[in-house]
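In: Generate coordinates for the sequence data below:
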Amino acid sequence: MMPVVNRIADFAAEMTEWRQHLHRHPELGFDCHETAAFVAARLRDFGITEIHEGIGRTGIVAIIEGQGAGPVIGLRADMDALPITEATGAPHASTVPGRMHACGHDGHTTMLLGAAKYLAETRNFRGKVALLFQPAEEDGGGGEAMVEDGIMERFDIAEVYAIHNVPNLPLGHFSTTPGPIMAAVDTATVTLTGKGGHGAYPQDCTDPIPAAVGMIGALQTVVSRNLDPLDNLVISVTQVHAGTASNIIPETAWFCATIRSFTPKVRQMAQERFQSIIAGHAAAYGVTAEIDYDLGYPPTVNDEAKTAFAATVAREIAGAAAVNDTANREMGAEDFSYMLDARPGAYLFLGQGPGAGLHHAAYDFNDEAAPIGASFFARLVERAQPLA
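Out: Below is the predicted model of the structure:
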């Protein structure tokens, strides 16, 4: 199959035990206390002595010293789960009602632990490795919190890399692209206030529902009429709420939308057009409109040279035919973006074979993918910072 590092293959069964332990004990957001404690305990077992806990609230930065002077390379894994009730029926299913690892962060953490075990044993590299175990990727921006805690400067990190699993991409296949690989994600909530009353006497009311319908329809013209057709933008209205009964015109209505883009220019245009459309329609319909426009994660932008290098390492692990380094970019978002804003690096996807999609109740990480990801991380360090 693939040339997984032999020593990592030797402890693949142990990695499966770690991963399934993490899967049984999911934690949300920044509340990754037990997960972080488990990670720190494993790192100590590997003989790693420099372990910094409580970074970005519950994140960990652990340093492995190589042989001789050299730069510091950062490797990141996310640790948090999702508020979903698991439906896998697996023996290692979540023991916490309403929570599960439905995005494979248990697998990402395991991959980085596997690489850490190997790198701590062999130390076949110059400089240092900074292992970045991050909380709150799904919600809350743990990547931003760790960057704001000064990890790049404090640990002198020169470049950073991360992997995310992908169901239904063949097992062991890698996918990445230079430049933007994932989108910026912004969220807008619009609250409309009119004048409520009896549904039989609309002339005595100011109905916020037609205003909301008009706004939602007009927002669809931003992509079709304000965007350069060669650029990318998504505006999806995902919730609409108004009214309580068939014979009452409500006083208020609200809706929210997700707005996803890749460049600052398109991001700014979308925000300006969104606000103009809402304001214009509010005036036309005689309602007041409050907009809460939240600028979320920035786009995840891969450094061109680091991406090419990472793809070369991936080919060494998976073979040339199993690496696509000109993949299509994704409209999903990722808070590794904050780390890539701070330092050059690359974000890659790793196939884990057939199965339920990410964020699905029947999703489970494929344990066969963990040694592949760990081998990639390990080789990345050895190739980036080789011994003389």
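In: how many neighbours does A257 have?
Out: 21 (other CB atoms under 10 Å). Where you see a C-beta, it was placed from the backbone N, CA and C, and this is true even at glycine.
In: Quick one: mean pLDDT over the helix or strand harbouring it.
Out: Element membership for A257, per DSSP states H and E: strand 252-261. Summarised as a single mean, pLDDT over strand 252-261 is 98.
In: Tell me the gap between that strand and the middle of its chain.
Out: 21 Å (CA atoms, centre = their mean, to the nearest Å).
In: what helices or strands is that strand leaning on?
Out: Secondary-structure packing of strand 252-261 (3 or more CB pairs under 8 Å, 6 or more residues apart in numbering; DSSP states H and E): strand 184-193, helix 208-221, strand 233-242, helix 264-285.
In: Just the CA trace of it, in PDB.
Out: The C-alpha coordinates for strand 252-261 follow below in PDB (Å, rounded to 0.1, in the frame of the first residue of the first chain):
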ATOM      1  CA  THR A 252     -40.800  41.300  14.300                       C
ATOM      2  CA  ALA A 253     -39.000  38.900  11.900                       C
ATOM      3  CA  TRP A 254     -35.400  37.800  11.600                       C
ATOM      4  CA  PHE A 255     -33.200  35.800   9.400                       C
ATOM      5  CA  CYS A 256     -29.500  34.900   9.200                       C
ATOM      6  CA  ALA A 257     -27.000  34.100   6.500                       C
ATOM      7  CA  THR A 258     -23.600  32.700   6.000                       C
ATOM      8  CA  ILE A 259     -21.300  34.600   3.700                       C
ATOM      9  CA  ARG A 260     -18.100  32.900   2.300                       C
ATOM     10  CA  SER A 261     -15.400  34.400   0.200                       C
END
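In: returning to what we had before: most neighbours per residue, which of the helices and strands packed on strand 252-261?
Out: Highest mean neighbour count of these: strand 184-193, a mean of 21 (counted as mean count of other CB atoms under 10 Å).
In: could the helices and strands packed on strand 252-261 go into TSV alongside distance to A145 and mean pLDDT?
Out: Conversion of the helices and strands packed on strand 252-261 to TSV gives the following (distance: least, CB to CB, whole Å; pLDDT from 0 to 100):
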stretch	distance to A145	mean pLDDT
strand 184-193	17	98
helix 208-221	32	98
strand 233-242	26	98
helix 264-285	22	98
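In: Next, format the ones you listed as a markdown table and append distance to H23.
Out: Shown next, in a markdown table, are these (distance: least, CB to CB, whole Å):
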| stretch | distance to H23 |
| --- | --- |
| strand 184-193 | 26 |
| helix 208-221 | 39 |
| strand 233-242 | 29 |
| helix 264-285 | 36 |
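In: Out of those, the one nearest F255 is which?
Out: strand 233-242 (4.5 Å; CB to CB).
In: thinking again about what came up before, give me the contact list for the strand holding A257.
Out: With contact meaning CB atoms under 8 Å, 6 or more residues apart in numbering, strand 252-261 is reached by 183-194, 196, 208-209, 211-212, 215-216, 219, 232-243, 267, 270-271, 274, 299, 331, 333.
In: Show me what that strand pairs with in its sheet, parallel or antiparallel.
Out: strand 184-193 (antiparallel), strand 233-242 (antiparallel) (DSSP bridges).
In: re the thing from before, which one of the helices and strands packed on strand 252-261 lies closest to T88?
Out: strand 233-242 (26.3 Å).
In: Which pLDDT does the model give the residue nearest the centre of the chain?
Out: Nearest to the mean C-alpha position of the chain, by CA atoms, centre = their mean, lies E334 at 3.0 Å. The model reports E334 with a pLDDT of 97.
In: Just say helix, strand or coil for it.
Out: coil (DSSP: H, G, I helix; E, B strand; the rest coil).
In: Tell me who's in contact with it.
Out: Counting by CB under 8 Å, 6+ apart, E334 touches 137, 164, 182, 297, 300, 347.
In: which among those gets closest to R7?
Out: H164 (24.4 Å).
In: For that closest one, pull up the helix or strand it's in.
Out: With DSSP H and E as criterion, H164 is part of strand 157-166.
In: tell me what that strand is packed against?
Out: strand 72-78, helix 105-122, helix 304-318, helix 337-342, strand 345-351, helix 370-384.
In: G142: which of the ones you listed is closest?
Out: Taking the helices and strands packed on strand 157-166 one by one with CB to CB, strand 72-78 is closest: 7.2 Å.
In: Could I get the pLDDT score of the nearest residue to G373 once chain neighbours are set aside?
Out: Counting by CB to CB, 6 or more residues apart in numbering, M111 is the residue found nearest to G373 once chain neighbours are left out, at 3.5 Å. At M111, the model reports a pLDDT of 98.
In: Pipe the helices and strands packed on strand 157-166 into TSV and attach mean neighbour count and distance to D31 per row.
Out: Putting those into TSV (neighbours: other CB atoms under 10 Å; distance: least, CB to CB, whole Å) gives the following:
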stretch	mean neighbour count	distance to D31
strand 72-78	25	14
helix 105-122	26	13
helix 304-318	20	31
helix 337-342	22	20
strand 345-351	25	25
helix 370-384	26	24
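In: Distance to P202 added to these, as TSV?
Out: Formatted as TSV, the helices and strands packed on strand 157-166 follow (distance: least, CB to CB, whole Å):
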stretch	distance to P202
strand 72-78	51
helix 105-122	51
helix 304-318	58
helix 337-342	47
strand 345-351	52
helix 370-384	60
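In: nearest to P26, of those?
Out: With respect to P26, and counting by CB to CB, the nearest of those is helix 105-122 at 7.5 Å.
In: just checking, what packs against the closest one?
Out: helix 6-10, helix 12-24, helix 33-45, strand 59-65, strand 72-78, strand 128-134, strand 157-166, helix 370-384.
In: what's the neighbour count on the closest residue to P180 other than its chain neighbours?
Out: In this structure, P180 finds its nearest non-sequential neighbour in F262, 4.1 Å apart by CB to CB, 6+ apart. Using other CB under 10 Å, the number of residues around F262 comes to 22.
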